[in-house]
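Asks: after the sequence you'll find the predicted model.
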Amino acid sequence: MLSGHDDIWITGVGAATPLGHSFAEIAEGLLAGRSGIERVSRFAVGEHPSQIAGLVADVPCPAGHERRDFDRLAPLDRLALWCAASALADAGCRPERSDRRIGLILGTAAEWLNLWEVDRCRGGRRIFEINADMEPAAASLRQRLHLSGPAIGISAACASGNIALALARRWLQMGWVDLCLAGACDMAVTPLCLAGFGNLRALSRRNDEPARASRPFDVDRDGFVMSEGGAMFVLERAEDARARTARAYGCLAGCGITSDAHNMVIPSPDPAPAVQAMEQALADAGLNPVDVDYVNAHATSTPVGDAAEVRALKVVFQEQLPHLPVSSTKSMTGHLLTAAAAVEALACLAALQHRAVPPTINLDNPDPACNLCHVPHVAQERQVKAALSNSFGFGGSNTSIVLTAA
Amino acid sequence: MQHRDASVLGLQAPLRSAVTCSVAGFGIIRGGSELLETLRRNPVAAPGTPLPAGFLKHAEKQTVAGLAAVYQAIYNFDLARVEQRHWGVIAAPTFLGRSGMADALARFAVEGAWGISPHLIPHQSLHAVSGTISQSLRIHGPNFGVGGAPGAVVEAVLAAASLLALPGIPGIWLVLTDHEREFIPVDRAEPASKCEPEPDCRALALALIPGRTSSIGLSLQICPEHSRVGVTANAMPVDTIPADMHGCGSLCDVGDLIEAFAHEECRGSWRLGTSGWLRLLREDAESPC
C-alpha cells in the first residue's frame, strides 16, 4: 500500500471530441485554436433557443471488437468503449492477457435519461419496459474490456471527470487496484437536453455564428455551447509504470473537491468553496500557487459563472494572477458537460507535452470583471511543469486537479 | 435472509485493503406518494438550518425520500450536535428520473422544445440527490451520485470507503434510494396506457465516520473484490474472502441488515455483487484485523 503522496502517472489516453478521436488530434486542434462548434443537423432544432453544439460524428470501433456488436450499442456505450479501449491500447495494456487488477471509474451523469430519450426518438418504448434496463454503462464496460477490478459509475455533473480521476488515484494509493481506467463520457446533445438547457437560459443563442459562440471571459458572452464526447485515462503507480518502461503523459499530483451548498445550478456568490478546492489540490500536490504555470479554467462562457471563477482565482493566486496564463478550452470544444473535466485534463496534458498553453478563442473584448492573464486566440509557447484544471458542476460541486510533468 | 454468526464466517481473514468505518446513525424511509408529497411540501430541516417551503418543489421522489432519511438519522441519533460542514455526501438512486423523463418525452412530442422544463436536467440526473442533500445540510465536502441502477450498493460503499480514507473528510452521508419494485410510468402519449399504482419509495441513509468510534456500536468493513468476469476460477481476491458469505445486492437487503444488526440479531459478511464486499462488526466484537 502506498502513502498518500506517491506519484500516480497517466500512461494512456483515449478520447473522442468534436476536435478529433485521439490525444494527438485533439491536442493539435486545441493548440491550433480550432473551433469544433457547428449548427446541429442531427435533429430538428428550429424551435430550440440554442441551435448549435459540438458534435462527435461516427465514433470508431476499437480494434478487437466486432463492428456489428459495436453498432448495436447505445451511443454513450459506444463512446465509452472507444475511449476506454483506446486508453488501454495507448498504455500498452491488454486486460484479457494481464493479471493486473484493473479498476474502472466512469463519469456519466444522465446515462439512463440519455438512453431512454435516444430509444424513444427511434420509436422505442424502453422507458416503459422496466426489465430492459439492468446493467449500467460502467458494469457493461467492465465486462466488455475483461477488467478484473471494481467498476463504478459516478456523477458530479460537469465535475465528474475530476472526481473519477481523484477516486482512481485514491484506489491506486490504497492498493485496491494496480491500474485504473478513469474519466467521463457524455452524449448529451439530444433534442430534450438541448431544450432543457436552452430553457434554463444557460446556452448561447449566437446561432448564426457557431464557431464564435463559445467565448469565455469575453464581454459579449451569452451562455455556453453544449457539446459531447469523452476522455478516459489509464492511471498507474509511477513505480509500476517505470518497471514496464511505460510512457507517461503526466502525473496526477493533486485533487481537491468541495461543494457550494448554495444552489443546484447557480454558483455560490461566496468564492470560498471554489477557493478551497483549488487550495486542497495544490496542498495535495505539495505545490504552492507560484509553482503553477497554467490554469485551465472551468469558464463555460456564462456571464455569472466566469466572473465567479475569476473571483476565486484572485483569492488563490493573488499577485501572481496577472502573470499566470489562464485559458478556457471550452471556447473551442464547447461544454462537454459530464465529460468536460476529463477533456480539460487532456488539454492540460497537451500543454505539458507540447510546452504550449492552449488559447481562449473568440476572446475579442475581455470582460473587465474577468481581468486575467488571458491567452487570446492563439496558443502561447511556454514550458508547463504544473497545470491546474478547475471544473464546477450542477449540484454545487467544485473540483480542481493538479497535473505535473512526470 | 439468513443471519449467521461472525465466527462461522472466517472473520480472522487478513484485511489488507479493507476500509473500516463506523455507523454514527441511520435513517430508513419507506412510503408512497402521499407521504412523499407531504415531505415535499413540508421539508424537515435540521435544527438551525430551516429550508424554504419550495426547496423540494422540483425534486425527484427519491430525492425527497433520501433527504427525509438523512433527517430521520439526524434526529434519532442526535447528529445535529456533530459538525458536518466538511462531510461528504454520496447518493446512489435507482433509475432516477424515469417518471419525469416519461412526462418530458410526452410533452416534447406535443409542445416541442418549448415544453421542456428547465428543472428537468438539474433534478433528474444522477447527482441530484447528493446535491440537494449537500445544499440542505450546508455541507461543503464532496457530493456526488453513484451507480444509478439496481445493485449500486457496491458502487456506493466502495466510493464511500475511498472518500473516508482521505484525510480531511470527517464523515460521509451514504444515501441509497429506490422503489420497492421498478414501476412503469404512465405513457401520456398512449391513451390506453394504464396508470399502475406506484410502489413505495425507499431510502436508507447511513452516517459514516472513519475508524471504529461509533457510539451506536456498529462498524462496517468495506473491501473491493477482483475477479474475471464470468470466470470465478480465476478470481483474484486482494484479501481472503470468507467462504460462507451472504449475497447482498439491494438497498432492501442492506436496510434490513442495518436494522437487524442494530437490534443485535445478526453479524457477518455480505458479498456485494461481483465487485466488493461489506462486513458488519459490533464494537464489542473482537477485531479480525
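Replies: That came through, no problem. Quick caveat, the model's predicted, so the values are computed rather than measured.
Asks: pull up the residues of the stretch 301-406 of chain A that are close to chain B.
Replies: A:Gly393, A:Phe394, A:Gly395, A:Gly396, A:Ser397 (Cβ under 8 Å from any Cβ of the partner chain). C-beta here means a position set from N, CA and C on the backbone, and glycine is covered the same way.
Asks: which of those residues tops the neighbour count?
Replies: Neighbour count (other Cβ atoms under 10 Å in any protein chain shown) singles out A:Gly395 as the most crowded of those, with 35 neighbours.
Asks: where does the residue lying closest to A:Leu313 once chain neighbours are set aside sit: helix, strand or coil?
Replies: Take A:Leu313 and drop its neighbours on the chain: the residue closest to it by Cβ to Cβ, 6 or more residues apart in numbering or on different chains is A:Leu321, 6.0 Å away. Under DSSP: H, G, I helix; E, B strand; the rest coil, A:Leu321 falls in the helix class.
Asks: what sits against A:Leu321?
Replies: A:Leu313, A:Lys314, A:Leu372, A:Cys373 (Cβ atoms under 8 Å, 6 or more residues apart in numbering or on different chains).
Asks: helix or strand: which one has the second one?
Replies: Secondary structure from DSSP states H and E places A:Lys314 in helix A:303-317.
Asks: tell me how far that helix is from the chain's mean position?
Replies: 20 Å (Cα atoms, centre = their mean, to the nearest Å).
Asks: now do stretch A:64-74
Replies: The answer for stretch A:64-74 is 25 Å, by Cα atoms, centre = their mean.
Asks: need the contact partners of that stretch.
Replies: By Cβ under 8 Å, 6+ apart, stretch A:64-74 touches A:Cys61, A:Pro62, A:Arg78, A:Leu81, A:Ala85, A:Asn114, A:Leu115, A:Val118, A:Asp119, A:Arg144.
Asks: before we move on, back to that, tell me which strands and helices the helix holding A:Lys314 is in contact with?
Replies: Where contact means 3 or more Cβ pairs under 8 Å, 6 or more residues apart in numbering or on different chains; DSSP states H and E, helix A:303-317 is packed against helix A:272-285, strand A:386-393.
Asks: packed most tightly, which of the ones you listed would that be?
Replies: strand A:386-393 (a mean of 28; mean count of other Cβ atoms under 10 Å in any protein chain shown).
Asks: report the rounded mean pLDDT for it.
Replies: Strand A:386-393 shows a mean pLDDT of 97.
Asks: for the helix or strand following it, name the packing helices and strands.
Replies: Sequence order places strand A:397-404 as the next helix or strand after strand A:386-393, per DSSP H and E. Judged by 3+ Cβ pairs under 8 Å, 6+ apart, strand A:397-404 is in contact with helix A:160-174, strand A:250-259, helix A:272-285, helix A:340-354, strand A:386-393.
Asks: start and end of stretch B:103-120, how far apart?
Replies: This stretch, stretch B:103-120, spans 10 Å end to end (Cα to Cα, to the nearest Å).
Asks: repeat for stretch B:143-152
Replies: End-to-end for stretch B:143-152, by Cα to Cα: 16 Å.
Asks: report whether it contacts chain A.
Replies: Yes - Stretch B:143-152 reaches chain A (Cβ under 8 Å from any Cβ) through B:Asn143, B:Phe144, B:Gly145, B:Val146, B:Gly147, B:Gly148, B:Ala149, B:Pro150, B:Gly151, B:Ala152.
Asks: pretty sure the first one contacts B:Gly66?
Replies: I take that to be B:Asn143. No - assessed by Cβ atoms under 8 Å, B:Asn143 is found out of contact with B:Gly66, at 12.0 Å.
Asks: give me the common contacts of the two.
Replies: B:Ala91, B:Ile133.
Asks: thinking again about what came up before, which one of the helices and strands packed on helix A:303-317 lies nearest to B:Arg181?
Replies: strand A:386-393 (31.5 Å; Cβ to Cβ).
Asks: given that closest one, what are its sheet partners and their directions?
Replies: strand A:294-296 (parallel), strand A:397-404 (antiparallel) (DSSP bridges).
Asks: got JSON lines for those strands, with mean pLDDT too?
Replies: Formatted as JSON lines, the strands paired with strand A:386-393 follow (pLDDT from 0 to 100):
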{"stretch": "strand A:294-296", "mean pLDDT": "98"}
{"stretch": "strand A:397-404", "mean pLDDT": "98"}
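Asks: and these as JSON lines, adding distance to A:Ser160?
Replies: As requested, these are exported to JSON lines (distance: least, Cβ to Cβ, whole Å):
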{"stretch": "strand A:294-296", "distance to A:Ser160": "16"}
{"stretch": "strand A:397-404", "distance to A:Ser160": "8"}
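Asks: packed most tightly, which of the ones you listed would that be?
Replies: It is strand A:397-404: most buried of the strands paired with strand A:386-393 by mean count of other Cβ under 10 Å, with a mean of 30.
Asks: no more questions from me, cheers.
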